[in-house]
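Asks: One predicted model, sequence on top.
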Amino acid sequence: MKSLLILLLLTLAGCAAEQVQHTEQQSNVDFRAYKTYNFLDVTARNEAAFQGPGTGIETLKQAIGREMERRGYQLSASPDLLVNIGVMTQDKVQTRETTLRDAPIYLGQRNYHWQSQDVVVGHYEEGTATVEVVDAARQELIWQGSVKSVLTPNADKLAKRIDSAVAALFEKYPVAPTQ
């Protein structure tokens, strides 16, 4: 019993709030040859969804900028690299499965049937951010990655989750931090 509890705690400790979905890079690219970066202009298909405080877009750009600068790139008006950001949010439902302990107590002669089912216990929002790094001169995608995380309406917690998710994503970037 004690070993089962320890295994469960280790499993839960290993679950991160953010999950890197995938990364992909173009072969034969010297990422250290690039010195500068800037962001592509962002135009949202649903502009209203990304207006105002708490959307996280500016926080996301700041987190990506920090990671690019940690790798030696400098922000520039005429950059070597262009960074494109894609954001998608999705409403999710958290459920739990009923067990035999949840079955109603029934006494009597009637034919009674009970089966387990999923019960909704909560709703949450999950966000996926995709970062694409493009060679500005050749207009070619050289690296991309995506990360997802549970979102929160609390601005401070959201900023921490975004920072953590972007840091996890950039651990897969082909240039290690210089700082």
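Replies: Alright, I've got the coordinates.
Asks: Give me the helices and strands touching the longest helix along the chain, please.
Replies: When the chain is parsed with DSSP state H, its longest helix is helix 155-170. Contact analysis of helix 155-170 by 3 or more C-beta pairs under 8 Å, 6 or more residues apart in numbering; DSSP states H and E lists strand 18-25, helix 57-70, strand 118-135, strand 140-151 as its packing neighbours. Every C-beta, even on glycine, is put in place using the N, C-alpha and C of the backbone.
Asks: tell me the angle it makes with strand 118-135.
Replies: Interaxial angle, helix 155-170 versus strand 118-135 (axes from the mean of the first three to the mean of the last three C-alpha atoms, to 10 degrees): 60 degrees.
Asks: Can you find the helix or strand in the chain with the smallest mean pLDDT?
Replies: Ranked by mean pLDDT, DSSP states H and E, the weakest helix or strand in the chain is helix 2-14, scoring a mean of 34.
Asks: from the middle of its chain, how far away would stretch 158-169 be?
Replies: Centroid separation for stretch 158-169 versus its chain: 8 Å, with C-alpha atoms, centre = their mean, to the nearest Å.
Asks: A63 - how many residues pack around it?
Replies: Neighbour count of A63, defined by other C-beta atoms under 10 Å: 22.
Asks: Could I get the contacting residues of it?
Replies: By C-beta atoms under 8 Å, 6 or more residues apart in numbering, the contact set of A63 is I162, D163, A165, V166, A167.
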